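Chemist: Task: produce atomic coordinates for the following.
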Amino acid sequence: MNVLPVNVFKDSFKPIIELLNKNKIEYQMREERSGIFMASSSVIEIIVNASLWVSLASVIIAFIKAKNGREVTITTKDNQVIHATGLDSKQLENVLQNARNINAIDTGKE
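Modeler: As a prediction, the model looks like this:
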């Protein structure tokens, strides 16, 4: 089973989970062992399937637009880091199809 990891930081965990559920995107939580250094607070693994990209692009756009202080970066398989802010849905879909991982942060700033 292919998965796409989403590293969630600060206050981004709950909003991302709510948006994934609302858009019926399948995911699983990665078990983290204490004593292992993690930069993010949690990792959500999105189950990859052929129909995922449109829905996931919608989740990312909704997450960013819902509140100031939110940012999403996508690291591609060739190690390019792309900021999702300002991308339209189609552009985001294309980037996501080549994604290695996603980072979502909500700084809590309004």
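Chemist: buried sites along stretch 89-107?
Modeler: With burial defined by 16 or more other CB atoms under 10 Å, the residues of stretch 89-107 counted as buried are 92-93, 95-96, 99, 101-106. For glycine as for every other residue, the C-beta is placed from the backbone atoms N, C-alpha and C.
Chemist: Can you name the residues in contact with that stretch?
Modeler: Contacts of stretch 89-107 with the rest of the structure, by CB atoms under 8 Å, 6 or more residues apart in numbering, involve 4-12, 15-16, 40, 52-54, 56-58, 60-61, 63, 67, 69-79, 82, 84, 87.
Chemist: average model confidence for that stretch?
Modeler: Within the predicted structure, the mean pLDDT of stretch 89-107 is 95.
Chemist: How far does it sit from its chain's centre?
Modeler: Distance of stretch 89-107 from its chain centroid, counting by CA atoms, centre = their mean, to the nearest Å, is 6 Å.
Chemist: May I have the distance across that stretch, first residue to last?
Modeler: Distance between the two ends of stretch 89-107: 23 Å, counting by CA to CA, to the nearest Å.
Chemist: among the buried residues of stretch 89-107, which two are most distant?
Modeler: The span of the buried residues of stretch 89-107, defined through CB to CB, is set by E93 and D106 at 22.7 Å.
Chemist: Spell out the residue ranges of the helices in this structure.
Modeler: 13-22, 52-65, 89-96 (DSSP state H).
Chemist: deepest of these, which one?
Modeler: For these, the stretch with the most neighbours on average is helix 52-65, a mean of 19; neighbours defined as mean count of other CB atoms under 10 Å.
Chemist: what's next to that helix, contact-wise?
Modeler: In this structure, residues lying in contact with helix 52-65 by CB under 8 Å, 6+ apart are 4, 12, 15-16, 19-20, 23-25, 46, 70-72, 84-85, 89-90, 92-93, 96-97, 102, 104.
Chemist: Mind exporting the C-alpha coordinates of that helix to PDB?
Modeler: Only the C-alpha atoms of helix 52-65 are listed here, as PDB (Å, rounded to 0.1, in the frame of the first residue of the first chain):
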ATOM      1  CA  LEU A  52      -6.900  11.100  -4.500                       C
ATOM      2  CA  TRP A  53      -5.300  14.100  -6.100                       C
ATOM      3  CA  VAL A  54      -8.300  16.300  -6.700                       C
ATOM      4  CA  SER A  55      -9.600  15.800  -3.100                       C
ATOM      5  CA  LEU A  56      -6.200  16.300  -1.500                       C
ATOM      6  CA  ALA A  57      -5.700  19.500  -3.500                       C
ATOM      7  CA  SER A  58      -9.000  20.700  -2.100                       C
ATOM      8  CA  VAL A  59      -8.000  19.800   1.500                       C
ATOM      9  CA  ILE A  60      -4.700  21.800   1.100                       C
ATOM     10  CA  ILE A  61      -6.400  24.800  -0.400                       C
ATOM     11  CA  ALA A  62      -9.100  24.800   2.300                       C
ATOM     12  CA  PHE A  63      -6.500  24.400   5.100                       C
ATOM     13  CA  ILE A  64      -4.500  27.400   3.900                       C
ATOM     14  CA  LYS A  65      -7.500  29.700   3.200                       C
END
